[in-house]
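Student: Need the 3D shape of this:
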Amino acid sequence: MSGGLLHILKRWGVSILVITGVVFLLLIIHRKVYACYSVQDTYQINLAPLEVLNKPDWCPDSYFEQTIRTSIQMKGKFSLFDKKLFNYLLEQYNANPWIARVESIEKQFPDNLIVKLEIRRPLAVVEIKKWNNRNFYYLVDHEAVRLPGEYYTIPSLSMPLPIIVGVKNSPPLPGEKWHDPGLSNALSVAGVLKQYQVYARLDISSIDITNIGGRINKKESEIVLFTKNKTRIEWGRSADSNNLFEPSSAEKIKNLYQVLEVSAQLSGIKCVKIQFEQPYIILAPAKSAISSPKTNK
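Tutor: From the prediction side, this is the model:
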């Protein structure tokens, strides 16, 4: 090996050693500085008053304060430099049945975090009969996830929620999916009603799935809607039905709107069948006039 090559190798070898030493020294200094800052009170985050943005718009402030906000409050302190902080927050939020997902967690120096969460939004109320035929009510979202709470009366929120009647399976724990084929079908219909803004034109009170799968009568509508005025709206089968002759959800809504153009709130109508190509109407029987009692002369 020539002397020139040895000289170059020695020179580069010394440079590499110097660079390695500098990097090693910087790592030591970084660890020392990190350890020093991580214990300073200036950079300690108190999780108790942690502000969570994106309050849901579907419930009153009082309801949010008493239930959701309380459920997502945490205790303890973390250093802003603690590597376990994000994993801890994600674990806690993902375990909360009110939270669908964590949108973002942003550090804000020196001692604050900004957290954005997607709160689950109720789509319907499930009615379950338990002991002594007493009704209990549960909120569910579009994914059939049961939300926290067991109610003796129908929850009152700032948006219309249909009551789903006829669910057979018992409610799961809050945050878990409610596995019931009839419930999934009813939520599919409830989603369609919301999508086409039916609630703004018609007071839908309940979705009855007692006959789902034709378990009572295969010739009758599997899904039936009821208005607050007790008008029956036969939906037919669910949106995911394999029946080739079943109109689409959009066509069913079109049929319903066609009837609403003739009779607002379906006044005077006993039943509307929208599961056919054209809507079919059954009028409510006319109320017989009550004659005034005769007086003896």
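Student: Can you give the domain ranges for this protein?
Tutor: 43-119, 124-283 (automatic domain parsing).
Student: and Pro285, what does it touch?
Tutor: Contact analysis of Pro285 by Cβ atoms under 8 Å, 6 or more residues apart in numbering lists Lys270. (Glycine included, C-beta is placed from N, CA and C.)
Student: same question, Tyr257
Tutor: Arg201.
Student: State the mean pLDDT of the helix or strand it falls within.
Tutor: Here Tyr257 sits within helix 249-262, counting by DSSP states H and E. For helix 249-262, mean pLDDT is 95.
Student: Flag every buried residue along it.
Tutor: Ser249, Lys252, Ile253, Asn255, Leu256, Val259, Leu260 (16 or more other Cβ atoms under 10 Å).
Student: and what of stretch 116-123?
Tutor: Buried residues in stretch 116-123 (16+ other Cβ under 10 Å): Leu117, Ile119, Arg120, Arg121, Pro122, Leu123.
Student: Read off the pLDDT value for the third one.
Tutor: The model reports Arg120 with a pLDDT of 94.
Student: Isn't it up against Ile99?
Tutor: Yes. With contacts counted by Cβ atoms under 8 Å, Arg120 reaches Ile99, the gap being 7.0 Å.
Student: Any idea how many residues pack against the closest residue to Ile204 other than its chain neighbours?
Tutor: Excluding its sequence neighbours, the residue lying closest to Ile204 (Cβ to Cβ, 6 or more residues apart in numbering) is Pro162, at 5.2 Å. By other Cβ atoms under 10 Å, 23 other residues sit near Pro162.
Student: Worst mean pLDDT among the domains of the chain?
Tutor: Among the domains of the chain, domain 43-119 scores lowest, with a mean of 83.
Student: tell me how far it is from the chain's mean position?
Tutor: 18 Å (Cα atoms, centre = their mean, to the nearest Å).
Student: any idea where the helices of the protein begin and end?
Tutor: 3-38, 61-63, 69-71, 85-94, 181-195, 249-262 (DSSP state H).
Student: now the angle from the helix holding Tyr257 to helix 181-195?
Tutor: 60 degrees (axes from the mean of the first three to the mean of the last three Cα atoms, to 10 degrees).
Student: The residue nearest to Ile204: what's it in contact with?
Tutor: Per Cβ under 8 Å, 6+ apart, neighbours of Pro162: Ala124, Val125, Ala190, Leu193, Ile204, Ser205, Ser206, Ile207, Leu225.
Student: Tell me the spatial nearest neighbour of Tyr199, not counting adjacent residues.
Tutor: Pro160 (4.3 Å).
Student: tally of neighbours for that neighbour?
Tutor: Neighbours around Pro160, by other Cβ under 10 Å: 16.
Student: And the one 4 residues further on, by the same measure?
Tutor: Look at Ile164: counted by other Cβ under 10 Å, it has 27 neighbours.
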